[in-house]
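A.B. asks: below are the sequence and a predicted model for it; my questions follow.
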Amino acid sequence: MDETSIHQHITDLVATERSLRDQLGRGEITAEEEHQRLAQVEGELDRLWDLLRQRAAKREFGEDPDDARERSADTVEHYRN
């Protein structure tokens with residue numbers, strides 16, 4: 001996945017976040033449904049931002065950014081410096 005497609009996927013997920021909040025506001029979904037779905041979206045966003053950072057780091061150090069790989073949500077969300 002290249003930067004353009006990663007950024008597009010991020011844009012789509014942000015739109016999904018907004019849509020979920022709007023649906024909750026209109027009473028179309030419950031707060032629990034919104035919370036569960038937002039958690040999934042946020043996990044995917046974390047993974048994509050991580051992938052962009054990996055690609056940038058590889059490029060900075062003369063490596064092939066296409067060698068960057070998506071990591072699991074658990075790995076990304078529990079990473080500590």
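C.D. replies: Perfect, thanks for sending it.
A.B. asks: how about residue 9, secondary structure?
C.D. replies: On the three-state scheme (DSSP: H, G, I helix; E, B strand; the rest coil), residue 9 is labelled helix.
A.B. asks: state the number of residues packed around it.
C.D. replies: Per other C-beta atoms under 10 Å, the neighbour tally for residue 9 reads 16. Every C-beta, even on glycine, is put in place using the N, C-alpha and C of the backbone.
A.B. asks: hang on, it packs against residue 48?
C.D. replies: Yes - with contacts counted by C-beta atoms under 8 Å, residue 9 reaches residue 48, the gap being 5.9 Å.
A.B. asks: tell me how far residue 4 lies from residue 39.
C.D. replies: Separation of residue 4 from residue 39 (C-beta to C-beta, to the nearest Å): 27 Å.
A.B. asks: higher neighbour count, these two?
C.D. replies: Using other C-beta under 10 Å as the criterion, residue 4 and residue 39 rank with residue 39 on top: 11 against 8.
A.B. asks: how much space between the more buried one and residue 77?
C.D. replies: 10 Å.
A.B. asks: can you list the buried residues in the helix or strand residue 57 falls within?
C.D. replies: If you go by DSSP states H and E, residue 57 is part of helix 31-60. Across helix 31-60, burial judged by 16 or more other C-beta atoms under 10 Å covers 34, 37, 41, 44-48, 50-52, 54-55.
A.B. asks: could you point out the helix or strand that follows that helix?
C.D. replies: helix 73-77.
A.B. asks: so what's the gap between that next one and the chain middle?
C.D. replies: Helix 73-77 sits 11 Å away from the centroid of its parent chain (C-alpha atoms, centre = their mean, to the nearest Å).
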